[in-house]
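# just a sequence and a predicted model for now, questions to come.
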Amino acid sequence: MASSLEKLKALTSRLEEKLEEKKEVSKASSVETTEPSTLPPTISSPSSIERVVERRADEGESVRQANIARVKALYEKLKIFEKSPEFGSLFDYKAMNLSGIGLKEEDFGDIRKGKYIQVIAITYEADKNGKKKAKNISLGYFGKAETLEPSLKNEIIEFVLRWRYEKAFQNVSHYKDLIARVGV
């Protein structure tokens with residue numbers, strides 16, 4: 001999270017520098033024209049940082065909507081609804097993983113011979129002592145890894161990754177709300 005914020009600050013700083021350079025070149029090459037402010041004197045115009053953040057938020061929201069539409073299409077195509085009937089409740093799970101196919105950088109997309117392909121959702125439930133324990137729930141079973149068609153394998157991988165992507169959006173929204181409550 002901190003590295004993303006630092007990257008955004010660095011990008012904003014570079015954008016502001018480029019805008020300043022552009023203004024200086026514009027001043028030197030032509031006569032400067034001033035436009036009257038359209039905002040009342042008590043309201044200042046948004047800073048370039050705010051404009052960048054707003055534009056990125058708008059872009060992020062459209063990316064998020066496209067992602068969620070694709071997750072829903074895959075949810076139906078892979079018949080995940082058989083184990084998790086309500087699409088919205090799919091995001092109540094804490095994590096999602098895949099058995100039988102590698103998702104790490106070094107083995108991404110590789111099937112594990114002799115293994116079965118499953119989409120696994122992870123949730124936490126309290127045991128009899130009140131201690132939280134991880135519980136794995138199979139959301140989809142797709143048979144032996146060796147018999148899986150490449151196109152189906154790619155859709156399964158895509159479903160898990162897109163679910164994780166939406167979950168990340170939800171986490172970002174949660175932290176934005178918390179930061180707003182702090183009053184920064």
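Arrived safely.
# tell me the spacing between the spatially most central residue of the chain and Glu149.
The residue lying closest to the centre of the chain (C-alpha atoms, centre = their mean) is Tyr165, at 3.6 Å. Separation of Tyr165 from Glu149 (C-beta to C-beta, to the nearest Å): 24 Å. Where C-beta positions appear, they are placed from N, C-alpha and C, glycine not excepted.
# low pLDDT regions in this structure?
1-9, 11-13, 15, 18-19, 22-48, 50, 52-54, 56-58, 60, 184 (pLDDT under 70).
# could you pull out the helices in it for me?
With DSSP state H, the ranges of helices along the chain come out as 2-29, 48-77, 150-182.
# give me the angle between the second one and helix 150-182.
It stands for helix 48-77. 140 degrees (axes from the mean of the first three to the mean of the last three C-alpha atoms, to 10 degrees).
# packing partners for helix 48-77?
Contacts defined by 3 or more C-beta pairs under 8 Å, 6 or more residues apart in numbering; DSSP states H and E place helix 48-77 against helix 2-29, helix 150-182.
# distance check, the closest residue to the residue nearest to the centre of the chain other than its chain neighbours against Asp107.
Leaving aside its sequence neighbours, Tyr165 sits nearest to Asn67 (C-beta to C-beta, 6 or more residues apart in numbering; 5.5 Å). The spacing between Asn67 and Asp107, counted by C-beta to C-beta, is 24 Å.
# try Ser62
For Ser62, the distance to Asp107 - C-beta to C-beta - is 32 Å.
# just to revisit the earlier point, compare Asn67 and Asp107 (neighbour count), which wins?
A count of neighbours by other C-beta atoms under 10 Å puts Asn67 above the other of Asn67 and Asp107, at 17 against 11.
# might you report the residue contacts of that one?
Contact partners of Asn67, counting by C-beta atoms under 8 Å, 6 or more residues apart in numbering, are Arg162, Tyr165, Glu166, Phe169.
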